[in-house]
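Undergrad: need a structure here:
(one chain, ligands or ions: 1)
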Amino acid sequence: MERKITLSEKEIPDKWYNITADMPNKPLPPLNPGTMEPIGPEALAPLFPMELIKQEVTTEKYVDIPDEVRNIYSMWRPTPVYRAYNLEKMLDTPAKIYYKYEGVSPTGSHKPNTAVPQAYYSKQEGVKKITTETGAGQWGSALSFACQHFDIECEVFMVKLSFLHKPYRKVMMNTWGATVHPSPSNETEIGRKILAENPDTTGSLGIAISEAIERAASDEHTKYALGSVLNHVKLHQTIIGQEAILQMEKAGDMPDIVIAPFGGGSNFAGLAFPFLRLNFDEGKSIRCIASEPSSCPKLTRGVFRYDFGDTAGMTPLLPMYTLGHDFVPAPIHAGGLRYHGAGVIVSQLLKDKLIEARAHDNLEVFDAGVKFAKAEGIIPAPEATHGIATAIAEAERCKREGKSETILINMCGHGNFDMKAYEDYFAGKITKHVLSQEEIDASIARLNTPLIPD
Ligand SMILES: *Cc1c(COP(=O)(O)O)cnc(C)c1O
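TA: Residues are numbered from 1 along each chain as shown. Sure, this is the predicted structure:
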């Protein structure tokens, strides 16, 4: 069998897959926090282009990918699937381990899969500037890359911790012409307020989102873009799983287990939703597992209820697994996973037990990341190591049970800009960061958002 399973450019899928068409229980509607009434799509119009709002609520099973977007995708897509023979040997497991490698994109992760269509639809609707937040810098890089392609200005609020840890991510964004501020910043009202209360804060994704939204809401030619969580973002990412199905067929194999790291849910959705479609349409029972950090365990230890998507409470209320919108996660290196909530669709799927979730502590994931780097050569992004940790645990279970199951991991990004993380790990500076129940209870007790009855 080949190690690398590739498709030709012609085989890039021409539609995105919308899982809401197949879900037994549809996601609950977002609520207006003032009236507690369901909001319609028009409420999102000040922030997002119309076409993306349509995609946010569409019930069609498939959405066409515009030719111009597919042309840009073809710069790095289809991305390869590899069989991780050396990792299998290292673990001495009868399991077969494959990974879909999204690190071959220009920015090094899956994020351009949605940044490109978001910039494309914005351009079509005359948008001049897009603001956004970024955690690890992956999303900011992807949006900067996409915006320059369509000649749109891009302004990025980067979580201060990452701004300090990953200076070269900032330079990367500057190279594509974007402006980058450490968040919280003095550029916005919410940023100034948070700095006044806590000048030493390391920031959080929730805070950076509030800043970017405030900026976009104050100018009619400026829109806001989100790199995860929302339905249209997950929709765009389904290009990953659709390609992977074709590649696994080519390899004459099919996964029993699909695994991806989880921040807001976009790379997980991207890989897993097309495989869940096989469960819905063809009666397969492929297990889909989301891997999160023990320091930010919304799926495994959070509550399912309405909450805000950002810290300041500027978004609609969304039905999701959450640790509370003012929860500030420990300063772990996996910046892309430092988010208090989870996407609405993924939350409903977890509630309905159609997917699973696992949490791993900070030492486990670096151990997994270094194992992977030694075996397969690629140094994973700190986010991606979470999925690898779950895959290793499943491969070890297969060994104990003498089963040769097939595992497919989303290797959603390389860690070439994350050497500070690996340096800290080798220097023994990484701690486990497992949350106590008191910390979780205290954060959730501060919520006064609506509960969702069972
Ligand atoms: C952004 C990011 C994540 C987390 O976001 P999701 O929306 O959950 O995918 C994970 N890994 C990498 C490499 C990222 O850039």
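Undergrad: what's the average pLDDT for stretch 269-287?
TA: The average pLDDT within stretch 269-287 is 98.
Undergrad: neighbouring contacts of it?
TA: 17, 19, 22, 100, 110, 113, 234, 236-242, 244-245, 254-258, 260, 288, 290, 343, 345-346, 349, 354-356, 408, 410 (CB atoms under 8 Å, 6 or more residues apart in numbering). For glycine as for every other residue, the C-beta is placed from the backbone atoms N, C-alpha and C.
Undergrad: just the buried subset of these, written out for PyMOL, thanks.
TA: Restricted to buried positions by 16 or more other CB atoms under 10 Å, the PyMOL selection for the contacts of stretch 269-287 reads:
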select buried, resi 17+19+100+110+113+234+236+237+238+239+240+241+242+244+245+255+256+257+258+260+288+290+343+345+346+349+354+355+356+408+410
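Undergrad: tell me which entries of the contacts of stretch 269-287 lie within strands.
TA: Counting by DSSP state E, the part of the contacts of stretch 269-287 found in strands is 17, 100, 257-258, 260, 288, 290, 356, 408, 410.
Undergrad: the stretch 351-454 of the chain against the ligand: which residues are in contact?
TA: Taking CB under 6 Å from any ligand atom as the contact definition, the stretch 351-454 of the chain meets the ligand at 381, 383-384, 412-413.
Undergrad: equivalent analysis for the chain, please.
TA: Residues of the chain lying near the ligand by CB under 6 Å from any ligand atom: 109, 111, 136, 138-139, 228, 261-268, 336-337, 381, 383-384, 412-413.
Undergrad: sitting in strands, which of those residues do you find?
TA: Using DSSP E, the residues of the chain next to the ligand in strands are P261.
Undergrad: nearest residue to the middle of the protein?
TA: S266 (3.8 Å; CA atoms, centre = their mean).
Undergrad: name the element T132 belongs to?
TA: strand 129-134 (DSSP states H and E).
Undergrad: partner strands of that strand, with direction?
TA: Each strand paired with strand 129-134, and its direction, by DSSP bridges: strand 153-159 (parallel), strand 222-224 (parallel).
Undergrad: what lies in contact with that strand?
TA: Taking CB under 8 Å, 6+ apart as the rule, strand 129-134 contacts 118-119, 122, 139-141, 143, 147, 152-159, 162, 169, 183, 205, 208-209, 211-213, 215-216, 219, 221-227.
Undergrad: please redo it, this time with the cut-off set to 6 Å
TA: 140, 143, 147, 152-158, 208-209, 212, 215-216, 222-225 (CB atoms under 6 Å, 6 or more residues apart in numbering).
Undergrad: give the rounded mean pLDDT of it.
TA: Strand 129-134 comes out at a mean pLDDT of 97.
Undergrad: now it, how far from the chain's geometric center?
TA: 16 Å (CA atoms, centre = their mean, to the nearest Å).
Undergrad: next one: stretch 304-314
TA: So, by CA atoms, centre = their mean, the centroid of stretch 304-314 is 17 Å from its chain's centroid.
Undergrad: same check, this time on stretch 307-323
TA: 16 Å.
Undergrad: begin at 262 from now on, thanks
TA: All set: I'll call the first residue 262, so the last point we hit is now stretch 568-584.
Undergrad: show the end-to-end separation of that stretch, please.
TA: 9 Å (CA to CA, to the nearest Å).
Undergrad: buried ones in it?
TA: Those would be 568-573, 575-584, for stretch 568-584 by 16+ other CB under 10 Å.
Undergrad: so which residues make contact with that stretch?
TA: Taking CB under 6 Å, 6+ apart as the rule, stretch 568-584 contacts 289, 291-292, 294, 300, 451, 467-468, 470-471, 474, 559-560, 563, 565, 567, 586-587, 601-603, 605, 608, 704, 710, 713.
Undergrad: drop anything exposed from the residues you listed.
TA: 289, 291-292, 294, 300, 451, 467-468, 470-471, 474, 559-560, 563, 565, 567, 586-587, 601-603, 605, 608, 704, 710.
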